[in-house]
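Peer 1: here is a sequence with its predicted model. Questions after.
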Amino acid sequence: MTKRTILSTLLLAGLGLLGATAHAADEPLRIGLIATYSGPYADYGRQFDAGIALYLKEHGGKVGGRTVEIIKKDTAGPAPDAAKRIAQELIVRDKVNVLTGLDFSPNAYAVGAIATQAKIPTIVMNAASSAITTSSPYVARLSFTVQQVTDPMARYMLKEGIKDAYTVVADYASGVDAETAFKKTFAAGGGKVSGEVRTPMNNPDFSAYVQRIKDAKPQAVFFFFPSGVMPPAFLKVWKERGMEQAGIKLYATGEATDDSYLDATGDVALGLVTSHHYSFAHPSPKNQKFVKDFAADNGAKLRPSYFAVTAYDAMAAIDLALAKTKGDASGDKFMDAFKGLSFESPRGPIEIDPATRDIVQTVYIRKTERVNGQLVNVEFDKFDRVKDPAKEAAAK
């Protein structure tokens, strides 16, 4: 019998029992953090860690009255098979009470089935494909969905008089979600998508794609890529090909100007209008304190990104849910307590839709500007209490 078969047998035999066991409120809360700590997306895990650490520092290392043990595991990027195996090991070997992290959508989907078998609460800190919360009744999301931040951008572009657009997205679940949401909302408002491109995730050469767009001469382009290496590469080619001089406007979701990567992206990001749920420059008093405290712990060079904010908020939500259950983290009680939570985040007011276990929040329209020598996403418009449009459509 192989090692994997033995692990699977143990899982099937013991997951339900392990997941359903209510731990005493005075025992440590063991949280399994599945994230990317190596490779080109290693900043994701670093941001998660920093957000969690700040919340725990503010609350004496406890949530819901219980001390916290974080057990970190590296998937090294989108790796659903690894994420599934890691989730199994965290539950069976490490006996975690909660799973979290999950930066890439394929990883979150893979963990959904494990969460159901084990009845383990699973709190998504980033993965943004719409259907993730439908993969298990034990999955809730504190981050966002790609459709949730894309739909307002389509509405904003229509408000700006744009009627002809091209879409460019990365070819994976979240990219398809962005394309789907944009096309639906844009068409409903009288716009026309005159062309669309899906690019590979690994080392794409954007030159041919951008030239094709230049030849097509749309009014505007909307694009979506995951935070990190792809947006700067695309923006660089966009500038080199003189697309702005050609009269083609460019819009994106906020991954394109992720605060964590914005300095490295540089001036090619200047003037880009994006839609997202968090900006380092969000002017609320709560965010100003969050940014100040984050810098005190991590230095001024590491800006908090939306990854850090969601990790911070996930800990706050776990804290609130455990307060309702008196420290009981067993799956059904915990998930019932999670539904309908609402509180003030550094990004603004957020709540968990009790019907979908997905986040409801403000989506901001921002422009990348240089302020006091720093590149920042300056918010100038907003859409309040935005739900995931895919789930709204399904409910009608």
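Peer 2: Good, I have the coordinates. Note that the structure is a prediction, hence the values are computed from the model and not measured.

Peer 1: please enumerate the helices of this protein.
Peer 2: When secondary structure is read from DSSP state H, the chain shows helices at 3-20, 42-58, 80-92, 105-118, 146-159, 173-188, 207-216, 230-240, 262-265, 285-298, 306-325, 331-338, 389-395.

Peer 1: and the fifth one, what's buried?
Peer 2: Counting neighbours by 16 or more other C-beta atoms under 10 Å, one finds that the buried residues in helix 146-159 are 146-158. Yep, even glycine has a C-beta here, placed from its N, CA and C like the rest.

Peer 1: reformat the helices of the chain as a markdown table; add distance to K249.
Peer 2: Rendered in a markdown table, the data for those read as follows (distance: least, C-beta to C-beta, whole Å):
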| stretch | distance to K249 |
| --- | --- |
| helix 3-20 | 50 |
| helix 42-58 | 29 |
| helix 80-92 | 36 |
| helix 105-118 | 28 |
| helix 146-159 | 8 |
| helix 173-188 | 14 |
| helix 207-216 | 12 |
| helix 230-240 | 11 |
| helix 262-265 | 19 |
| helix 285-298 | 29 |
| helix 306-325 | 24 |
| helix 331-338 | 40 |
| helix 389-395 | 23 |
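
Peer 1: which one of these lies closest to Q374?
Peer 2: Each of these has some distance to Q374 by C-beta to C-beta; the shortest is helix 262-265, at 7.7 Å.

Peer 1: kindly export that closest one (C-alpha atoms) in CSV.
Peer 2: This file holds the C-alpha atoms of helix 262-265, laid out as CSV (Å, rounded to 0.1, in the frame of the first residue of the first chain):
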residue,chain,number,x,y,z
LEU,A,262,3.6,48.9,-7.4
ASP,A,263,7.0,50.4,-6.8
ALA,A,264,8.6,47.6,-8.8
THR,A,265,6.1,48.1,-11.6
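
Peer 1: other SSEs contacting that helix?
Peer 2: Applying 3 or more C-beta pairs under 8 Å, 6 or more residues apart in numbering; DSSP states H and E, we find helix 262-265 packed against helix 230-240, strand 374-386.

Peer 1: which pLDDT value goes with the closest residue to R385 other than its chain neighbours?
Peer 2: Taking C-beta to C-beta, 6 or more residues apart in numbering, and ignoring the residues beside it in sequence, R385 has V360 as its nearest neighbour in space, at 5.6 Å. V360 is assigned 98 on the pLDDT scale.

Peer 1: could I get the helices of the chain in a markdown table, plus columns for mean pLDDT and distance to T368?
Peer 2: Below are the helices of the chain laid out as a markdown table (pLDDT from 0 to 100; distance: least, C-beta to C-beta, whole Å):
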| stretch | mean pLDDT | distance to T368 |
| --- | --- | --- |
| helix 3-20 | 45 | 44 |
| helix 42-58 | 97 | 19 |
| helix 80-92 | 98 | 32 |
| helix 105-118 | 96 | 25 |
| helix 146-159 | 98 | 14 |
| helix 173-188 | 95 | 19 |
| helix 207-216 | 96 | 19 |
| helix 230-240 | 96 | 10 |
| helix 262-265 | 92 | 7 |
| helix 285-298 | 97 | 17 |
| helix 306-325 | 97 | 15 |
| helix 331-338 | 96 | 35 |
| helix 389-395 | 79 | 25 |
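
Peer 1: closest one to I71 among those?
Peer 2: When the helices of the chain are ranked by distance to I71, counting by C-beta to C-beta, first place goes to helix 80-92 at 6.3 Å.

Peer 1: so what's the residue nearest to R385 up against?
Peer 2: With contact taken as C-beta atoms under 8 Å, 6 or more residues apart in numbering, V360 is in contact with 350-353, 385-387.

Peer 1: run the last query once more with 10 Å
Peer 2: Each residue near V360 by C-beta atoms under 10 Å, 6 or more residues apart in numbering is listed here: 148, 342, 349-353, 384-388.

Peer 1: likewise N107?
Peer 2: Under the criterion of C-beta under 10 Å, 6+ apart, the contact partners of N107 comprise 34-36, 75, 77-84, 86-87, 101, 124, 126-127, 132.

Peer 1: where's the closest residue in space to it that isn't next to it in sequence relative to A110, distance?
Peer 2: Nearest residue to N107, sequence neighbours excluded (C-beta to C-beta, 6+ apart): A83, at 3.7 Å. When C-beta to C-beta, to the nearest Å is the yardstick, A83 and A110 sit 5 Å from each other.
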